[in-house]
Structure formats: structure tokens, C-alpha cells
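**Q** I would like the atomic coordinates for the input below:
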Amino acid sequence: MGRDFVAQVLTGLADDAVRLYEEGSTIRQVAEKFGTGYGAMRRILRQHTTLRNRGGRRP
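**A** Here you go, the predicted model:
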């Protein structure tokens, strides 16, 4: 596998994770869906979107 392929897969994962998060899923729910840890998923989401406050979903 080349680096370009791995980068495309990771970008696709990030896009799907961001979509789920922006639809209202929690970081923990998104992490579980992709089989990753909370911290790793938080870093991915933080790089690709604005994280919600700890108060929960935006109206």
C-alpha cells in the first residue's frame, strides 16, 4: 500500500466521522463506530471540524 492510498482512506474515515459528529453523535459514539479510542477520534475531529462545548449538541 502506498502513502497516497493510506491518506485517501484516512481522509474518507475523517469525512465520515465528521459527518456523524455534525449530525449529533458524540465523540465516544463515533469512536466506537470506527473502532478507535476516544482520544484518537477527538484529535481527528478537532483537525477537521469545530468541536461542540461539553454542554452537548448545538440547537
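**Q** distance check, G39 against G2.
**A** Look at G39 and G2: by C-beta to C-beta, to the nearest Å, they are 28 Å apart. (C-beta placed from N, C-alpha, C; glycine too.)
**Q** between the two, which one's more packed in?
**A** A direct count of neighbours by other C-beta atoms under 10 Å for G39 and G2 places G39 higher, at 10 against 7.
**Q** tell me the SS of the more buried one?
**A** Following DSSP: H, G, I helix; E, B strand; the rest coil, G39 is assigned to helix.
**Q** can you pull the contacts of it?
**A** Shown in contact with G39 (C-beta atoms under 8 Å, 6 or more residues apart in numbering): no residues.
**Q** if we use 10 Å, what do you get?
**A** Taking C-beta atoms under 10 Å, 6 or more residues apart in numbering as the criterion, G39 is in contact with 27, 31.
**Q** spatially central residue for the chain, please.
**A** Residue closest to the average C-alpha location in the chain (C-alpha atoms, centre = their mean): A17, at 3.5 Å.
**Q** what number of residues lie near K33?
**A** As a burial measure, K33 scores 13 neighbours (other C-beta under 10 Å).
**Q** report the buried residues of the longest helix anywhere in the chain.
**A** In the chain, assigned by DSSP state H, the helix with the most residues is helix 3-22. Neighbour-count burial for helix 3-22 flags 14, 17-18, 20-21 (criterion: 16 or more other C-beta atoms under 10 Å).
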